[in-house]
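Q: Next come a sequence and a model predicted from it.
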Amino acid sequence: MLFSANYNPALKNKLNINGIFTASPKTQGNYKFILYEDGTFATINNLSLSYNEEKSFFCLGGIYKIISDTLIIDEYTRDTYNTIELNRYKYAILNRTTLKRITEELFRTYGYKKINVENDNYIYNFIDISILPSSYGVEIKSKKWMWADKQEWKEYMRQLKEYEAARRKNQQPD
């Protein structure tokens, strides 16, 4: 999956996206993520409305799409040697607010690993949040190789610079 100006993750009212998905109390871990309308995916560290946007995201981010009743997420992370790695997650869409993880695949420099999650009950529930961090904070979108069209990447980088300049200006004391 690659970003493009007209990328459409095929939501078609299948999922709520103005908020976060978070692991249910019975699910191990504290994994929370955001699905942006443009196909951007981000895991998030904190839910505070006074967040520091640059420290809100846990990984490099990623991209997602929906095929039929399955959500597919490509999440990019860095290993201890600063190598970018890919985690691919597939979720069954149970309804607009509930997901169940059905597969987890890890693509590493040293090989591929599929983790069996069939017997695990990884359920994620949607929480409506009125203020979310901007998707401009998702690092993977700034990588040229993540874009289908290099001109669109250049336009995105121009918009990102404008966004960052406006943000710095708004943080200046009066």
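A: Sure, I can see it.

Q: contacts, neighbours, all on C-alpha from now
A: Noted.

Q: Pick out the residue nearest the middle of the protein.
A: Computing the C-alpha centroid of the chain and ranking residues by C-alpha atoms, centre = their mean puts Phe41 first, at 1.6 Å.

Q: Which of the three states applies to the nearest residue to Leu35 once chain neighbours are set aside?
A: Nearest residue to Leu35 in three dimensions, chain neighbours excluded: Phe41, at 4.9 Å (C-alpha to C-alpha, 6 or more residues apart in numbering). Assigned state for Phe41: strand (three-state reduction, DSSP: H, G, I helix; E, B strand; the rest coil).

Q: can you pull up the bridge partners for Phe41?
A: Phe41 forms beta bridges with Leu35, Gly62, as assigned by DSSP bridges.

Q: residues contacting it?
A: Neighbouring residues of Phe41 by C-alpha atoms under 8 Å, 6 or more residues apart in numbering: 33-35, 61-64, 73, 75.

Q: Specify which member of those residues is nearest to Tyr91.
A: Checking these against Tyr91 by C-alpha to C-alpha gives Ile73 as the nearest, at 8.4 Å.

Q: if I look at that closest one, how far off is Thr103?
A: According to C-alpha to C-alpha, to the nearest Å, Ile73 stands 11 Å off from Thr103.

Q: Which neighbours do these two have in common?
A: Common neighbours of Ile73 and Thr103 (C-alpha under 8 Å, 6+ apart) are 89-90.

Q: okay, the two: which has more neighbours?
A: Comparing Ile73 with Thr103 by other C-alpha atoms under 10 Å, the one with more neighbours is Ile73, at 25 against 16.

Q: contacting residues for that one?
A: 41, 62-65, 88-90.

Q: Mind telling me what element it is part of?
A: According to DSSP states H and E, Ile73 maps onto strand 70-78.

Q: So which bits of that strand are buried?
A: Neighbour counts over strand 70-78 (16 or more other C-alpha atoms under 10 Å) mark 70-77 as buried.

Q: Residues contacting the helix or strand of the chain with the lowest mean pLDDT, please?
A: Within the chain, confidence by mean pLDDT, DSSP states H and E is lowest for strand 111-115 among all helices and strands, at a mean of 71. Residues outside strand 111-115 that contact it (C-alpha under 8 Å, 6+ apart): 103-107.
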